[in-house]
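Engineer: Build me a structure from this.
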Amino acid sequence: MRRNRFSEHILWEVRDVNDRAVALLEQYDVEVLRTRKGRGVILCDTSNGLLVFKEYEGNEAKLALLDKLLSRIREQGTVSAEQLVPTREGTLCVRENDGTAYILKTYGEGRECNIYDRGECLEAVRTLARLHQCMLLEPQEDCPALMRFSPLQEYEKHNREFVKVQRFLRKKSQKTRFEYSLLGCIDYFIEQAGEVTEGWRSYEESMSRAYLPAANLPAADLPAAHLLQEDYAYCHGDYQYHNILCGNQGMFIVNFEKCLRDRQIRDLYLLMRKLLEKTDWPVALGRELLAAYEKITPVSAYAYIDLYYRLAYPEKFWKIVNFYYNSGKAWIPQRNQEKLDKLLAQEQQRKSFLESVFQL
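Structural biologist: Okay, the predicted model is just below:
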């Protein structure tokens, strides 16, 4: 049999990288019994149970904040979530000679949440509601707060990218079927994105006006008083079924590295959008998910409007456009066309969902 020397070389490179990473585990006060490869991580069977070792791309200041948030979640005891494991020296990450950082975390045995199981989806929402009650953290000297995320700025950036890709497609002389399809619907989504962004801008301005007097009045006296608390609220940042593990002990939440300061409705939006896209935007499911969350953590009128604008923005279309524009154009995967076709087929269902659930 003829050997593929290139593949063999890549295989040895991967093994070398993994071996170097595993060697870093010697800096931890754990006995590693066995390691195995997971999805982008190294799973470690240790004397302290199953741990996960993975590359970390953030800065150490954010890692310190993440450690405090995860510790707070553990202390509250209402949600099971991963914890960072410090080294013998007390640091939260280790580095290779090239500066690549790695972190070691606890892990829960289990499978991903089944997005087609209504009961599991509702439990995932209830778990999120309890999680959010634990993720309030005021800034401290040794752990300053992260900058507040601005959805409006994010959407304005997306809108500029839409126009950029629109111009690129119009100038391109030879187009594939996918590019013709994209060009054929991009005007519609640019208009939609612009309307949502302008509506969001008006909403932000009204929120700011409501927030200013709240600083001098008792929280109970103002409908916008929840904003004072949300100033110190954090989100998981990537709360989707991949990061919700279901096991014998219930749900275990992992991968908090994308945590950020934003209104906590962000996490509910992300989970709902993922679930609804997979199931063709059923109104009944959307209402059940909202009700399950609100039963534990009430949703204010402001957060409700926030959720509407996030769901109304054509985020999925932007993801398709962004992936296309930032990838090689010599060969466009068929999967791109399939995603676009499904998005267009669901558009009327998405609009009907928004009209029904938010009573437009």
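
Engineer: where exactly do the strands run in the stretch 1-150 of the chain?
Structural biologist: 32-37, 42-46, 49-56, 80-81, 94-95, 101-106, 111-112 (DSSP state E, counting those that start in this stretch).

Engineer: low pLDDT regions in the stretch 151-300 of the chain?
Structural biologist: Low-confidence segments of the stretch 151-300 of the chain, defined by pLDDT under 70: 210-231.

Engineer: where along it do the helices fall?
Structural biologist: For the stretch 151-300 of the chain, the helices defined by DSSP state H, counting those that start in this stretch occupy 151-171, 177-214, 226-230, 265-278, 283-294.

Engineer: Ok, which of the ones you listed comes nearest residue 122?
Structural biologist: Nearest to residue 122 among these is helix 283-294; the distance by C-beta to C-beta comes to 4.7 Å. Any C-beta I mention is one placed from the backbone N, CA and C, and that applies to glycine too.

Engineer: Check which helices and strands the closest one sits against.
Structural biologist: For helix 283-294, the packing partners by 3 or more C-beta pairs under 8 Å, 6 or more residues apart in numbering; DSSP states H and E come out as helix 118-134, helix 265-278, helix 334-357.

Engineer: ok, back up a step: please produce TSV containing the strands of the stretch 1-150 of the chain, extended by mean pLDDT.
Structural biologist: Output for those, formatted as TSV (pLDDT from 0 to 100):
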stretch	mean pLDDT
strand 32-37	89
strand 42-46	92
strand 49-56	94
strand 80-81	96
strand 94-95	94
strand 101-106	96
strand 111-112	94
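
Engineer: Tell me the confidence at residue 18?
Structural biologist: Residue 18 carries a pLDDT value of 62.

Engineer: can you start the count at 88 instead of 1 from here on
Structural biologist: Done: numbering now begins at 88, and the last item shifts to residue 105.

Engineer: nearest spatial neighbour of the spatially most central residue of the chain, skipping sequence neighbours?
Structural biologist: Closest residue to the average C-alpha location of the chain: residue 325 at 2.0 Å, with C-alpha atoms, centre = their mean. Excluding the flanking residues, the one nearest residue 325 by C-beta to C-beta, 6 or more residues apart in numbering is residue 345, at 4.4 Å.

Engineer: Also residue 109?
Structural biologist: Going by C-beta to C-beta, 6+ apart, residue 109 has residue 122 as its nearest residue, at 5.5 Å.

Engineer: what sits against the one you found?
Structural biologist: By C-beta atoms under 8 Å, 6 or more residues apart in numbering, the contact set of residue 122 is 109, 129, 130, 131, 132, 140.

Engineer: Out of those, which end up buried?
Structural biologist: Neighbour-count burial (16 or more other C-beta atoms under 10 Å) applied to the contacts of residue 122 gives 129, 130, 131, 140.

Engineer: how about those, which pair is most distant?
Structural biologist: Across the buried ones among the contacts of residue 122, the longest distance by C-beta to C-beta is 7.9 Å; it joins 130 and 140.

Engineer: hmm, back to that, need the helices of the stretch 238-387 of the chain in TSV with mean neighbour count and distance to residue 115, can you?
Structural biologist: Below are the helices of the stretch 238-387 of the chain laid out as TSV (neighbours: other C-beta atoms under 10 Å; distance: least, C-beta to C-beta, whole Å):
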stretch	mean neighbour count	distance to residue 115
helix 238-258	15	37
helix 264-301	15	44
helix 313-317	17	36
helix 352-365	21	30
helix 370-381	17	37
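
Engineer: To residue 185, which of these lies closest?
Structural biologist: Nearest to residue 185, of those and by C-beta to C-beta, is helix 238-258 at 31.1 Å.

Engineer: now that closest one against helix 264-301, angle please.
Structural biologist: If you take axes from the mean of the first three to the mean of the last three C-alpha atoms, to 10 degrees, helix 238-258 sits at 160 degrees to helix 264-301.

Engineer: quick one: contacts of helix 238-258?
Structural biologist: With C-beta under 8 Å, 6+ apart as the test, helix 238-258 has contacts from 262, 266, 269-270, 273-274, 276-277, 280-281, 283-284, 287-288, 291, 349, 353, 396-397, 400, 405, 408-409, 411-412.

Engineer: what do you get for stretch 399-411?
Structural biologist: Identification of contacts with stretch 399-411 by C-beta under 8 Å, 6+ apart yields 242, 245, 248-249, 252, 265, 269, 273, 276, 279-280, 283-284, 286-287, 360, 364, 419, 423, 426-427, 430, 441.

Engineer: With stretch 330-346 instead?
Structural biologist: Applying C-beta under 8 Å, 6+ apart, the set of residues contacting stretch 330-346 from outside is 139, 143-145, 152-153, 156-157, 166-169, 192, 194-201, 207, 210-211, 214, 218, 222, 321-326, 329.

Engineer: for stretch 172-187, same thing?
Structural biologist: For stretch 172-187, the external contacting residues (C-beta under 8 Å, 6+ apart) are 107-108, 111, 114-117, 135, 138, 142-143, 147, 150-151, 154, 171, 188-193.

Engineer: what's the first-to-last distance across it?
Structural biologist: Chord length of stretch 172-187, first to last residue, is 18 Å (C-alpha to C-alpha, to the nearest Å).
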